[in-house]
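[1] Fold the stuff below for me.
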Amino acid sequence: MYDQVVVILREAGKTIVENPGVMTNPTLEKLNEGVKIAPRERGGWL
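    Alright, predicted model coming up:
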């Protein structure tokens, strides 16, 4: 399913930045990693 979502987003012209190691119900620490990455990569959502 993940691969299908990636294809749909890319076809829609969206840029995807992955944060490896994110698990279901991520810890606050892992979420904060994404918060730090988002501005650098001009991320619009996490």
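[2] How far away from the center of its chain is stretch 32-46?
    Centroid displacement of stretch 32-46 relative to its chain, using CA atoms, centre = their mean, to the nearest Å, is 8 Å.
[3] for the protein, what are the low-confidence residue spans?
    46 (pLDDT under 70).
[4] Show me the residue at the heart of it, geometrically.
    Taking CA atoms, centre = their mean, the centroid of the chain lies closest to E18, which sits 4.7 Å from it.
[5] Tell me who's in contact with it.
    With contacts taken as CB atoms under 8 Å, 6 or more residues apart in numbering, E18 has no neighbouring residues. The C-beta positions use only the backbone N, C-alpha and C, and glycine is treated the same way.
[6] which SS class is it?
    Put simply, E18 is coil when judged by DSSP: H, G, I helix; E, B strand; the rest coil.
[7] what's the distance between the residue sitting furthest away from the middle of the chain and M1?
    For the chain, the residue at maximal distance from the C-alpha centroid (CA atoms, centre = their mean) is E11, at 16.4 Å. Remark: distance between E11 and M1 (CB to CB, to the nearest Å) = 16 Å.
[8] go on, E33?
    Distance, E33 to M1, using CB to CB: 23 Å.
[9] And L31, by the same measure?
    22 Å.
[10] Which helix or strand contains P39?
    Element membership of P39, judged by DSSP states H and E, is helix 28-40.
[11] Can you list the buried residues in that helix?
    Within helix 28-40, the residues that qualify as buried by neighbour count (16 or more other CB atoms under 10 Å) are 33-34.
[12] Only C-alpha atoms, please: export that helix in PDB.
    Presented in PDB, the C-alpha positions along helix 28-40 are these (Å, rounded to 0.1, in the frame of the first residue of the first chain):
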ATOM      1  CA  LEU A  28       7.600  11.800  20.600                       C
ATOM      2  CA  GLU A  29      11.300  11.600  19.900                       C
ATOM      3  CA  LYS A  30      10.700  10.200  16.400                       C
ATOM      4  CA  LEU A  31       8.100  12.800  15.700                       C
ATOM      5  CA  ASN A  32      10.500  15.500  16.700                       C
ATOM      6  CA  GLU A  33      13.000  14.200  14.200                       C
ATOM      7  CA  GLY A  34      10.400  14.800  11.500                       C
ATOM      8  CA  VAL A  35       9.700  18.200  12.900                       C
ATOM      9  CA  LYS A  36      13.300  19.100  12.400                       C
ATOM     10  CA  ILE A  37      13.500  17.700   8.900                       C
ATOM     11  CA  ALA A  38      10.300  19.400   7.600                       C
ATOM     12  CA  PRO A  39      11.600  23.000   7.400                       C
ATOM     13  CA  ARG A  40      14.900  21.900   5.900                       C
END
